[in-house]
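Novice: 3D model of this:
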Amino acid sequence: MTTGISVLFQAFLAESPVILGEGAVIERLRRSSGIRLDDHVVNSALIYQATGRLTLEAICRQYLEIGQRYNLPLLLSTPTWRAGRDRIAAAGLVGRDLNGDNFRFLAELRNSYGDYARQVSICGLMSCRGDAYKPDEALTASAAAEFHAWQADSLAASGVNVLLASTLPALSEAIGLARA
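Specialist: Reported below is the predicted structural model:
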């Protein structure tokens, strides 16, 4: 069954021969003065810190301004690459809606671009449980579906247009993530 969110994203893809996407945000943050990425949730908690939020906003605005200037649709990814339930707990952020707060952060930025905001789609970014570069540590498909369901549900409930998994160690975890 197709949800309303995926229908909107399918239309976004069908109507757009070219879609601009942001990239290397974590690497750009890693090289930014005054920014410290969290050992557990990487860049997800930056929205709760003044300097981190401003730096993340500046990077996102660069992509938004390029898209607006050239009238290109844009796909922004929530900074939730490592915002699964276990990592949120390890970072001491239990009780915070880290996935939803990151979506709302991007939605607020998107909405500040007036009519251009209609051309911006926000995806909920997910990743593997462990080390993305160690395939022997990848989850089985069934374990991955169970593990990733919490974050997938959290991001979907927040209002993202589509879910995106990035940097996965093996096909088994990708299959399970897709099921979640």
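Novice: Would you enumerate the residues in contact with Thr80?
Specialist: If you count contacts by Cβ atoms under 8 Å, 6 or more residues apart in numbering, Thr80 has them with Ser44, Leu98, Asn99, Asn102, Gly124, Leu125, Met126, Gln151, Leu155. Using the backbone N, CA and C atoms, a C-beta is placed for each residue, glycine as well.
Novice: Okay, and which of these map to strands?
Specialist: Among those, the members found in strands (DSSP state E) are Gly124, Leu125, Met126.
Novice: what's the burial count for the residue lying closest to the second one once chain neighbours are set aside?
Specialist: Spelled out, it's Leu125. Nearest residue to Leu125, sequence neighbours excluded (Cβ to Cβ, 6 or more residues apart in numbering): Ser77, at 4.1 Å. Counted with other Cβ atoms under 10 Å, the burial measure for Ser77 works out to 23 neighbours.
Novice: Ramachandran angles for Ser77?
Specialist: With angles defined as degrees, to the nearest 10, Ser77 shows backbone torsions of phi -110, psi 130.
Novice: Strands of this protein, residue ranges please.
Specialist: 20-21, 74-77, 120-126, 162-165.
Novice: ok, the last one: who's next to it in the sheet?
Specialist: Spelled out, that is strand 162-165. When pairing is defined by DSSP bridges, strand 162-165 lines up against strand 120-126 (parallel).
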